[in-house]
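Asks: Predicted model, plus sequence, below.
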Amino acid sequence: MKLWAYIVRRLVLIIPTLVGVTMITFAISRLIPGDPIAVSLGPYASQEQIQLMRAKWGLDKPLYIQYLLYLKNLSRGDLGVSIHSKRAVLDDLRDFFPATFELTTASMLLSILFGIPIGVIAAVKKNRWPDFVTRLYALAGVSIPVFWLGLLLLLVFYFKLGWLPGVGRLDPHVSPPASITGLYLVDSLFTANWKVFFNALKHILLPAFSLSCVIMATISRMTRASMLEVMTENYIKAARAKGLSERTVIYRHALTNSLIPVVTIIGVMYGVCLAGAVLTESIFSWPGLGRYAVKAITFLDLDAIMGFTLVATLIYVFLNLIVDVIYVVIDPRIKY
Amino acid sequence: MASVEDQTERRSRGWRFTLHLIWKNPLMVVGLAVVCVLFLMAIFAPLISPHDPFKINPPQRLKPPSAAYLLGTDVAGRDIFSRIVYGSRITLQIGITVILLALLIGYFFGIMAGFFGGAVDELFMRITDIFMSFPYLILAMGLTVALGPSIQNAMLAMAIVWWPTYARLVRGEVLKLRGRTFIYASKGLGATNLFIILRHILPNSWMPVVVQSSLDFGRVIMYAASLSFIGLGAQPPTPEWGAMISDGRAFLEQAWWYPTFPGLAIMVTILGFNLMGDGLRDILDPRLRR
Amino acid sequence: MAERRVILKIRGDLKTYFFTFDGVAKAVDGVNFEIAEGETFGLVGETGCGKSVTALSVLRLVDPPGRIVSGEILFEGEDLLKKKEREMREVRGDKIGMIFQDPMSSLNPVMTVGFQLKESIKLHKGLREKKAELLAMEMLEQVRIPEPSKVMRRFPHELSGGMQQRVMIGIALCCHPKLIIADEPTTALDVTIQAQILRLIRDLKHDFGSSMLMITHNLGLVSKYCDRVGVMYAGSLVEVCDVSTIFSEPLHPYTRGLIEAIPKVNAEREALPVIPGRIPDIILPPPGCKFHPRCREAGPGCPEERPPLRQVKPDHWVACVNYGGE
């Protein structure tokens, strides 16, 4: 049907952007000052050896040939080898992806579930105390560094109160559930493994909460702004003139319209979530892509970092595409 | 008797209304105050800090807040309060540098694309599209690693990641202005393109850009701190707030003040800039005046 | 003349004020009139004279910073201003139906036409989905929309302006209200469609035995579709009488200015007479009679005291000292 055609069309249009993305990651990886080959061979290597090595890696070829080589490798899934883990970067990323996906998805869900109602209440009770509290929270939320919040939560809930664990996805003595999706919460639910489920839940609570605090702030702000705009529209007055209760007017007539612009920023928020995950995973020792990237930075493991950058960006781009498609579907005024 | 004509000097358009808006928006005043305090701190740092922020003092390491050390000491025995005060200089430096750099590059390309249009514009849109496909922090991270972790490279990387946003904003403004009659009139009178750009486009396009950059200041500080936290950006012994949190992280349990106070400084600073930026936007937004 | 039942009676000087930063805007400043059963009352005036606000006041849909400050609105004998909000909701859409000016923006863009129609029906008649669907389609037929079953599934933006207004009328009238408030129902439509829509409204009103409050700035419409007229100026009524009188014997200088300004086909070629000046500021209106600065019959007493609406003949009220009669 027409929707499939639209999706295909969008996918095709994305290709130049993706190519551009690879160009940039390629450019960045070639940016390093100094000669990486000389460095890796050590200070006693002779010029010949360096030349040989360069030829082997194709580094003596012109830049555009190098780029094509790079693309060829990408298409085979070869993202290089990690200096630190000595494994193919792709394998590393594949291993660490589920943990990050679980964390970011949990955070986004939390943010949406709480952020939207908060924004609605703030808009409806404009200029009264729920509004002020919400706006204050929204301001604080976008001003607080997510890694600092994580540390504070760790300090209070783990070190001082001992209510929640501070490290990893599960307690050390608990083994992960049967791997269906790689998401511990989902897998343990599917296998009715309650012990693991609650353990995983306890572990994800703090990191997901600290990550979502920041995103929730923006979502509630946008929802509020969108609701305020929608409430001034004529059709709201017309809905009231029908005799509908204020509740119906707000939730059925106003909210459905005001959610549409909010959907568009969900994609951007996911990007913020990914970036925040880098920091949060590092604090809570969450074994995901973010922590992998931070470790890679400490070792200046360029292949790993560039691999991470590329994959993270790809996820981001596709997610935005999905959001765009959702947007087009839910707004009946848009033709596709 | 007053008619609508006589009443054009409505109160809602005067400076009194601006004052009224400021009064109704006390948070903006708070933001302004915070920003002022920050600037004063940076300028008078040597006068305000009780200790030398760089002097290592092992016997005093990890001491809790006291009269001598207002916010406690860090792992090398340095006074955290003094380091925070000096850190304000770095914070301001980073913010101003990144934004100015991004503005300069962004303005240039934005005007090129918006004013000349055609193939230049198409190319511009493609390039900015690609840059904006990356999540900000992640691209800045990658760039900084490649350039080599240092505060200058972090600033450069951030400016490179940021300019597309400004460029698009400027391009939008330029497009709006280009169609206005006075531009055609100016051309008809024989003005060169450069003259039009300098005399007409620039002065009329800066307002939304200024608003955007005041809103962005907080974000730049946030990113700078984040980069320093993961080891890019500021290197020891620079008293940059994000780096201080990173240092103090290992001592979270026994010396909670170590990572907490620098983080508080970051938060208050960003909050101040956000409040100020919000207030500025409210005042300058013509729609909200009614 | 047979005394018909009065459906709507606004008395006690209805005042709806807007409390803004610039001052108090007296949008409706002392309005009294009544509408009998089956009658169409036209509320005429220039843009900004308060006629729309009057209509919204009847349904108590005035948004802050506006507030009804004084007056009584008796609908079928009960004062609407004294009702609880819950009771008002039973009146809205059921006993009083409102047709809005711009149908495109008055219909919810993300809901189908059918859904919006059924919403009213289900709310006031308590019907379930199947029955409501039938009734909704019947209503669409009554407003002369072809292929009602197809239109039910459409979204507002997929319909033409005329169709949208018919839907709006369908929603307003689906519960056969006793009073229809039509706020400039055809102003946003093409001229060719306007006549169709107005005839439709008139026919339905007649079929349902309703009364109508028609808000318009177009005296031509008034002459064709209204029984009685009220002329508003800067928030106050300046003249109320039946429709033939307003054209044959207008008394108030403002009304006369309006009538004279209507181009007539068979008149001689002269400059069209125009009322000099502009409408006054509703925050700081002129003292005394609000029209006196533009009035060619103004006398020394006019800036002193605002003349109230006084009955000078059976069914003819004027607010002017020159025609007060004593």
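Replies: Right, received. Where do you want to start?

Asks: List phi and psi for residue C:232.
Replies: Phi and psi for residue C:232, reported as degrees, to the nearest 10, are phi -110, psi 140.

Asks: pretty sure it is touching residue C:41, no?
Replies: No: between residue C:232 and residue C:41 no contact is recorded; they are 12.0 Å apart, counting by CB atoms under 8 Å. For the C-beta atoms, the positions are set from N, CA and C on the backbone; glycine is no exception.

Asks: which SSE is the closest residue to residue A:325 other than its chain neighbours in?
Replies: With CB to CB, 6 or more residues apart in numbering or on different chains as the measure, residue A:7 is the residue that lies nearest to residue A:325, at 5.9 Å, once sequence neighbours are left out. Element membership for residue A:7, per DSSP states H and E: helix A:2-29.

Asks: name the helices or strands packed onto that helix?
Replies: Judged by 3 or more CB pairs under 8 Å, 6 or more residues apart in numbering or on different chains; DSSP states H and E, the packing partners of helix A:2-29 are helix A:63-75, helix A:302-330, helix B:118-131, helix B:136-147.

Asks: who touches residue A:120 in this structure?
Replies: Counting by CB atoms under 8 Å, 6 or more residues apart in numbering or on different chains, residue A:120 makes contact with A:223-224, A:227, A:250-251, A:255.

Asks: Quickly check these for the two that are furthest apart.
Replies: By the measure CB to CB, A:224 and A:251 form the most distant pair in the contacts of residue A:120, at 15.0 Å.

Asks: Mind jotting down where the helices sit in chain C?
Replies: Listed from the start of the chain, chain C has helices (DSSP state H) covering C:51-58, C:85-91, C:103-106, C:113-125, C:129-142, C:148-152, C:161-173, C:191-208, C:219-225, C:243-248, C:253-260.

Asks: Between those, which one is closest to chain B.
Replies: Closest of these to chain B is helix C:253-260, at 15.4 Å (criterion: CB to the nearest CB).

Asks: Now do the lengthiest helix in chain B, average pLDDT.
Replies: When secondary structure is assigned using DSSP H, the longest helix within chain B turns out to be helix B:80-111. In this model, helix B:80-111 has a mean pLDDT of 90.

Asks: do that helix and chain A meet at all?
Replies: No: shown here: helix B:80-111 not in contact with chain A (CB under 8 Å from any CB of the partner chain), separated by at least 12.3 Å.

Asks: Show me which residues of the stretch 151-300 of chain C sit near chain B.
Replies: Taking CB under 8 Å from any CB as the criterion, the stretch 151-300 of chain C approaches chain B at residues C:277-281, C:283-287, C:293.

Asks: center of the chain, which residue is that?
Replies: Because you didn't say which chain, this covers chain A. The centroid of chain A falls nearest to residue A:274 when counting by CA atoms, centre = their mean (2.7 Å).

Asks: you looked at the wrong chain, it should be chain C
Replies: Mean-position check on chain C, CA atoms, centre = their mean. Result residue C:215 at 2.8 Å.

Asks: That one pairs with what?
Replies: Applying DSSP bridges to residue C:215 gives these bridge partners: residue C:43, residue C:183.

Asks: Next, find the distance separating it from residue C:257.
Replies: In this view, residue C:215 and residue C:257 are 20 Å apart by CB to CB, to the nearest Å.

Asks: still on that earlier bit, can you check what angle separates the helix holding residue A:7 from helix A:302-330?
Replies: Angle of helix A:2-29 versus helix A:302-330, following axes from the mean of the first three to the mean of the last three CA atoms, to 10 degrees, is 160 degrees.

Asks: which of the residues in helix A:2-29 are buried?
Replies: A:6-7, A:14, A:18, A:20-22, A:24-26, A:28-29 (16 or more other CB atoms under 10 Å in any protein chain shown).

Asks: what's the closest of these to chain B?
Replies: residue A:20 (3.4 Å).

Asks: and the closest residue to the closest one other than its chain neighbours, how many residues sit next to it?
Replies: Leaving out its chain neighbours, the residue that sits closest to residue A:20 by CB to CB, 6+ apart is residue B:130, at 3.4 Å. Per other CB atoms under 10 Å in any protein chain shown, the neighbour tally for residue B:130 reads 20.

Asks: Just list the residues touching residue B:130, thanks.
Replies: Residues in contact with residue B:130 (CB under 8 Å, 6+ apart) are A:17, A:20-21, A:23-24.

Asks: could you redo the residues you listed as a markdown table and give each row pLDDT?
Replies: Below are the contacts of residue B:130 laid out as a markdown table (pLDDT from 0 to 100):
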| residue | pLDDT |
| --- | --- |
| A:17 | 89 |
| A:20 | 89 |
| A:21 | 90 |
| A:23 | 87 |
| A:24 | 88 |
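
Asks: Right, I'll leave it there.
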